[in-house]
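In: test case, fold it:
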Amino acid sequence: MAPNSVVVTIEKPNSIPLIEINSSDSSVFEEKQKGVSPKQFTWFILLKAQRAMSCLPWLAMGFLKMFVSVKKRIALSDIGEENPKYKGKLYQFIRAFLAISVVALVIEVMAYFNKWNLNMTNPWEVQSLVRWSYMAWLSFRVDYAAPFILMLSKFCIVLFMIQSLDRLVLCIGCFWIKFKKLKPVIEGEPYDIEDGSSFPMVLVQIPMCNEKEVYAQSISAACQLDWPKDRLLIQVLDDSDDEIVQLLIKNEVYSWKEKGVNIIYRHRFIRTGYKAGNLKSAMACDYVKDYEFVAIFDADFQPNPDFLKLTIPHFKGNPELGLVQARWVFVNKDENLLARLQNINLCFHFEVEQQVNGVFLNFFGFNGTAGVWRIKTLEDSGGWLERTTVEDMDIAVRAHLHGWKFIYLNDVRVLCELPESYEAYKKQQHRWHSGPMQLFRLCLPAIIRSKISTWKKANLIFLFFLLRKLILPFYSFTLFCIILPLTMFIPEAELPVWVICYVPITLSILNILPAPKSFPFLMPYLLFENTMSVTKFNAMVSGLFQLGSAYEWIVTKKTGRSSESDLLAFAERESKTVNEEKIQRRLSESGLEMLGKLKEQDTPVVKKRNKLYRQELALAFLLLTASARSLLSAHGIHFYFLLFQGLSFLVVGLDLIGEQVS
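Out: Predicted coordinates for the structure are as follows:
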């Protein structure tokens with residue numbers, strides 16, 4: 001048979017032709033083959049190469065601009081270290097870890113390019129000191145380092161899976177609440193609108209300290225609450241040490257008092273106990289005994305006028321109820337990337353954690369604001385104590401131990417704002433994670449001795465405190481910032497892909513479900529949460545071991561952006577000129593002096609700059625070093641995770657996330 005012949009076999013089993021072709025050089029395909037000539041293929045390759053080359057200048061310019069920005073940020077930034085005395089040890093450990101990793105990377109690169117394989121080599125045959133050190137390292141890591149790292153990583157993975165299971169159970173509980181439409185209902189008839197005496201006496205407290213940006217909007221919102229005027233008293237609890245701010249707040253209170261609002265201005269000369277001391281001092285007033293409930297709002301919170309009518313009726317006919325907590329919503333959640341990532345976290349906290357615990361346990365941690373307490377509950381639980389920086393969680397735990405029940409209202413929402421700068425957010429998170437550990441040390445004996453059920457004791461100790469406040473920051477920092485980069489130099493203890501990829505992504509998806517519009521920020525959220533683990537780990541250790549930084553209380557910086565939500569109401573406020581006249585009229589003795597100080601304050605002398613965060617920067621270089629080592633071993637997903645996590649630490653360490661100042 002000729003080599004270029006074509007054999008066609010036609011059979012008709014069911015009138016279906018079968019064609020068999022034995023040659024690829026058949027004339028049947030001559031036209032097809034003529035369609036792609038070698039010359040055209042060459043031009044096609046050259047065109048692709050030209051397009052690829054055109055991207056190189058763009059990439060080079062991008063990297064150059066990034067390098068210039070980083071260099072400028074380093075030159076203009078301040079070194080940010082909140083408390084070097086107590087945080088220096090962790091920073092020194094990370095620096096030492098980084099130095100060792102860099103040396104190990106250099107040796108690994110030499111071994112890679114020289115193709116060293118010393119596993120089967122006799123030590124006496126090795127001439128080079130570097131090669132001998134590398135061989136000794138191989139032996140040490142197999143016999144000693146790898147078993148220890150494996151044991152530690154398995155322990156962290158177990159904690160990781162327990163915490164993941166807790167998140168899954170919370171999400172299932174939230175789904176069940178939505179499916180069954182479970183929510184608190186008001187028992188009995190609401191109060192008689194026509195009979196003002198049927199409404200209970202309510203005290204509204206607004207604690208603040210140097211809140212120049214937001215004091216006016218919070219006072220305005222509280223004064224517009226829809227409640228009988230003779231059954232409502234508003235306390236503005238000012239702890240400001242700035243005389244100008246004191247004057248402005250006092251002036252705002254007087255202006256609302258002239259409009260017929262029952263409002264009082266209180267100022268402490270000695271600011272002990274921070275917010276807890278402020279609230280404790282206010283509750284000691286003689287007239288408080290005439291009131292049945294107290295609503296608390298921080299300075300940046302703006303309740304709707306119907307807030308009290310949506311919360312207070314839940315107490316009626318429910319004598320065991322001690323607290324009604326409302327949900328927070330954020331006016332600046334889309335302001336920048338930092339605000340978007342915070343919104344994801346807090347939406348999960350309110351939509352899932354608070355709601356599930358409120359429905360199934362009748363207990364959750366008080367959020368410190370946007371809640372209504374029965375005053376009898378506060379008195380029965382010992383009142384506000386100044387022993388921790390989380391006075392809200394402290395009073396909630398003590399009330400729970402005394403048998404009081406809580407209700408969370410997911411449908412009642414109070415407007416507030418998120419920290420827009422990383423500095424403010426970092427300080428807030430430090431307080432939120434060190435305080436619970438302080439409280440755990442103090443409350444553990446009381447929990448064990450209390451008369452509540454064993455299940456409630458176990459929930460408080462193992463879920464409320466240990467799992468969600470201690471274990472989470474511990475394993476997150478240890479597993480992803482220490483063990484993972486370490487395993488790149490000790491491949492015998494390598495973490496499985498599901499630990500660093502599949503489970504974290506699944507958990508992030510669960511966390512982001514309450515805020516579905518934030519789904520495009522899934523990966524930044526996952527990386528940022530791991531980045532924040534160093535701050536949370538620091539805070540957890542300082543609170544657990546009673547270090548000095550655990551007692552720090554720094555008021556979270558506000559921008560006053562919440563006022564943008566109601567421009568109409570604030571357009572009706574008096575102009576600055578009118579306010580200046582009121583200052584002179586109301587405070588005739590010192591008004592001119594205060595007004596002069598106020599005008600002097602309009603021109604700031606010192607410009608604030610973004611900071612550099614040394615711990616985050618050291619961890620960034622550590623993770624990038626580990627990613628370079630993983631590239632030599634072609635680890636795949638490990639390399640990409642370490643690379644992007646290292647870049648995430650670099651962005652945060654250079655303070656390139658959140659509000660930018662010059």
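
In: drop to CA atoms for contacts and neighbour counts, all remaining ones
Out: OK.

In: so which helix or strand takes in residue 411?
Out: In this structure, residue 411 sits in strand 405-416 according to DSSP states H and E.

In: now do that strand: distance to the chain's middle.
Out: Distance, stretch centre to chain centre, for strand 405-416: 20 Å (CA atoms, centre = their mean, to the nearest Å).

In: output stretch 335-352 as CSV, nothing but the C-alphas.
Out: Written as CSV, here are the backbone C-alpha positions of stretch 335-352 (Å, rounded to 0.1, in the frame of the first residue of the first chain):
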residue,chain,number,x,y,z
GLU,A,335,-14.5,55.2,53.4
ASN,A,336,-11.3,53.2,52.8
LEU,A,337,-10.0,49.6,52.8
LEU,A,338,-9.4,49.5,56.5
ALA,A,339,-13.1,50.5,57.2
ARG,A,340,-14.4,47.9,54.8
LEU,A,341,-12.4,45.1,56.5
GLN,A,342,-13.5,46.3,60.0
ASN,A,343,-17.1,46.2,58.7
ILE,A,344,-16.8,42.5,57.8
ASN,A,345,-15.6,41.6,61.2
LEU,A,346,-18.2,43.6,63.1
CYS,A,347,-21.1,42.5,60.9
PHE,A,348,-20.2,38.9,61.8
HIS,A,349,-19.9,39.8,65.4
PHE,A,350,-23.4,41.4,65.6
GLU,A,351,-25.3,39.3,63.0
VAL,A,352,-23.9,36.0,64.1
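
In: any chance you could list what contacts the strand holding residue 411?
Out: If you take CA atoms under 8 Å, 6 or more residues apart in numbering as the criterion, strand 405-416 is touched by 183-184, 300-304, 307, 310, 320-331, 350-351, 354-355, 358-359, 362-364, 370, 562.

In: now the buried members of those residues.
Out: Buried members of the contacts of strand 405-416, scored by 16 or more other CA atoms under 10 Å, are 300-304, 307, 310, 321-331, 350-351, 354-355, 358-359, 362-364, 370, 562.

In: quick revisit: buried set for the strand holding residue 411?
Out: Residues 405, 406, 407, 408, 409, 410, 412, 413, 414, 415, 416 are the ones in strand 405-416 that count as buried (16+ other CA under 10 Å).

In: apart from its chain neighbours, what residue comes closest to the fourth one?
Out: The reference is to residue 408. Distance criterion CA to CA, 6 or more residues apart in numbering; nearest residue to residue 408, sequence neighbours excluded, is residue 325 at 4.8 Å.

In: hang on, that neighbour in a strand?
Out: Yes. Applying DSSP: H, G, I helix; E, B strand; the rest coil, one finds residue 325 inside a strand.

In: quick revisit: out of the buried residues of strand 405-416, who's nearest residue 295?
Out: In terms of CA to CA, no member of those lies closer to residue 295 than residue 414, at 12.4 Å.

In: what about the closest one, distance to residue 178?
Out: 21 Å (CA to CA, to the nearest Å).

In: circling back to that earlier point, restricted to strands, list the contacts of strand 405-416.
Out: 321, 322, 323, 324, 325, 326, 327, 328, 329, 330 (DSSP state E).

In: pLDDT score for the second one?
Out: Looking at residue 322, its pLDDT reads 97.

In: ok so, going back, need the ones in strands among the contacts of strand 405-416 in TSV with distance to residue 156, can you?
Out: Converted to TSV, the ones in strands among the contacts of strand 405-416 look like this (distance: CA to CA, whole Å):
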residue	distance to residue 156
321	39
322	38
323	36
324	37
325	34
326	35
327	33
328	33
329	34
330	34
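
In: so where do the helices sit in the stretch 51-200 of the chain?
Out: Secondary structure of the stretch 51-200 of the chain by DSSP state H, counting those that start in this stretch: the helices cover 84-114, 129-140, 146-180.

In: just put those in JSON lines and tack on distance to residue 506 and mean neighbour count.
Out: Formatted as JSON lines, those follow (distance: least, CA to CA, whole Å; neighbours: other CA atoms under 10 Å):
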{"stretch": "helix 84-114", "distance to residue 506": "29", "mean neighbour count": "15"}
{"stretch": "helix 129-140", "distance to residue 506": "36", "mean neighbour count": "15"}
{"stretch": "helix 146-180", "distance to residue 506": "9", "mean neighbour count": "16"}
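
In: relative to residue 463, which of these is closest?
Out: Of all those, helix 146-180 sits nearest to residue 463, with 8.4 Å by CA to CA.

In: show the average pLDDT along the strand holding residue 411.
Out: On average, strand 405-416 scores 96.

In: one step back: just give me the closest of the buried residues of strand 405-416 to residue 335.
Out: Nearest to residue 335, judged by CA to CA, of the buried residues of strand 405-416 is residue 416 at 13.3 Å.

In: what separation do you get for the closest one and residue 304?
Out: As judged by CA to CA, residue 416 and residue 304 stand 11 Å apart.

In: over to residue 491?
Out: 58 Å.

In: got it, and residue 262?
Out: From residue 262 over to residue 304 the distance is 18 Å, taken as CA to CA.

In: could I get the helices of the stretch 51-200 of the chain as a markdown table with mean pLDDT and distance to residue 201?
Out: Below are the helices of the stretch 51-200 of the chain laid out as a markdown table (pLDDT from 0 to 100; distance: least, CA to CA, whole Å):
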| stretch | mean pLDDT | distance to residue 201 |
| --- | --- | --- |
| helix 84-114 | 75 | 47 |
| helix 129-140 | 75 | 73 |
| helix 146-180 | 93 | 33 |
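
In: nearest to residue 544, out of these?
Out: helix 84-114 (13.0 Å).

In: centre of the chain versus that closest one, how much separation?
Out: Here helix 84-114 is found 28 Å from its chain centre; the criterion is CA atoms, centre = their mean.

In: can you name every helix or strand that it contacts?
Out: With contacts taken as 3 or more CA pairs under 8 Å, 6 or more residues apart in numbering; DSSP states H and E, helix 84-114 sits against helix 484-489, helix 533-544, helix 614-632.
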